[in-house]
Structure formats: C-alpha cells, structure tokens
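K.L.:
here's a sequence, model it:
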Amino acid sequence: MGKSQEPLKVTCPCCKAKLSVDAALGVVLSHEEPPRKGPDVDLTNAAGILSEQQRQREDKFADSWFQETNKEDILAKKFEEAMKKAKDAPVGKPIRDFDLD
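P.N.:
So this is what the prediction gives:
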C-alpha cells in the first residue's frame, strides 16, 4: 500500500465545519461542527418583546372568542350564501368521462 499520509484538514466555506479528509481514499474521516450562535435578541428590550407577545396572545384570544360566540350567525350566513350559489347554478346532468367518448 505505500506510506500513510496525514489526513487533510479542511474548513467548509458554508458552515465553517472542520473536516479531516483522507486524500488517498477520498473519504471524510471526522468532522467538527462549528460552535452554534445564540439567538440574536437584545435583552435591553426584553420587556417590550414580552408585552408585544402578550398583546398578540390577547388579540388571538379575542378573535377566537368572537368567532365562538357568533358561531351560529356565521354558519347561518355561510349557509345562505351557499344556497344562493346553488340556486344560481345551472341544473343539469353532470358530464361523466365515458359520455365524452
């Protein structure tokens, strides 16, 4: 087989991972993942972020509450619209695939 060579040390340009590659075999022997970065949040504005999230939760809850309390009215209006569409639709036999032959 010949003399063994030192594996090549390569850094990935995309993710900055460190790879150890055997040049003779062309395989990756080992890799080290780059250190992960934490979230990019400014803690000086944490109170503002929390208040915004609470406002969003309250808005979603209020919307859900409105839809649930007015569920019957909403469904009745949807039914009336569907009936109007059904009355306006032409009445006839549906075309089947084998009728087109």
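K.L.:
where is the longest helix in the protein?
P.N.:
helix 46-69 (DSSP state H).
K.L.:
show me what the helix or strand following that helix is packed up against.
P.N.:
Following helix 46-69 in sequence order, the next helix or strand is helix 71-88 (DSSP states H and E). Contacting helix 71-88 under the criterion 3 or more C-beta pairs under 8 Å, 6 or more residues apart in numbering; DSSP states H and E is no other helix or strand. Where you see a C-beta, it was placed from the backbone N, CA and C, and this is true even at glycine.
K.L.:
run the angle between the longest helix of the chain and helix 71-88 for me.
P.N.:
For helix 46-69 against helix 71-88, the angle between stretch directions is 60 degrees (axes from the mean of the first three to the mean of the last three C-alpha atoms, to 10 degrees).
K.L.:
tell me the mean pLDDT over helix 46-69?
P.N.:
For helix 46-69, mean pLDDT is 93.
K.L.:
restricting to C-alpha, output it in CSV.
P.N.:
Extracted in CSV, the C-alpha atoms of helix 46-69 (Å, rounded to 0.1, in the frame of the first residue of the first chain):
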residue,chain,number,x,y,z
ALA,A,46,-37.0,42.2,26.6
ALA,A,47,-39.9,43.9,28.3
GLY,A,48,-41.1,45.3,25.0
ILE,A,49,-40.8,41.9,23.4
LEU,A,50,-42.8,40.2,26.2
SER,A,51,-45.5,42.9,26.1
GLU,A,52,-45.8,42.5,22.3
GLN,A,53,-46.2,38.7,22.6
GLN,A,54,-48.8,39.2,25.3
ARG,A,55,-50.7,41.6,23.1
GLN,A,56,-50.6,39.1,20.2
ARG,A,57,-52.0,36.3,22.5
GLU,A,58,-54.8,38.6,23.7
ASP,A,59,-55.7,39.5,20.2
LYS,A,60,-55.8,35.9,19.1
PHE,A,61,-57.9,35.0,22.1
ALA,A,62,-60.4,37.9,21.5
ASP,A,63,-60.7,36.8,17.9
SER,A,64,-61.3,33.2,18.9
TRP,A,65,-63.9,34.3,21.5
PHE,A,66,-65.7,36.4,18.9
GLN,A,67,-65.9,33.6,16.4
GLU,A,68,-67.1,31.1,19.1
THR,A,69,-69.8,33.4,20.5
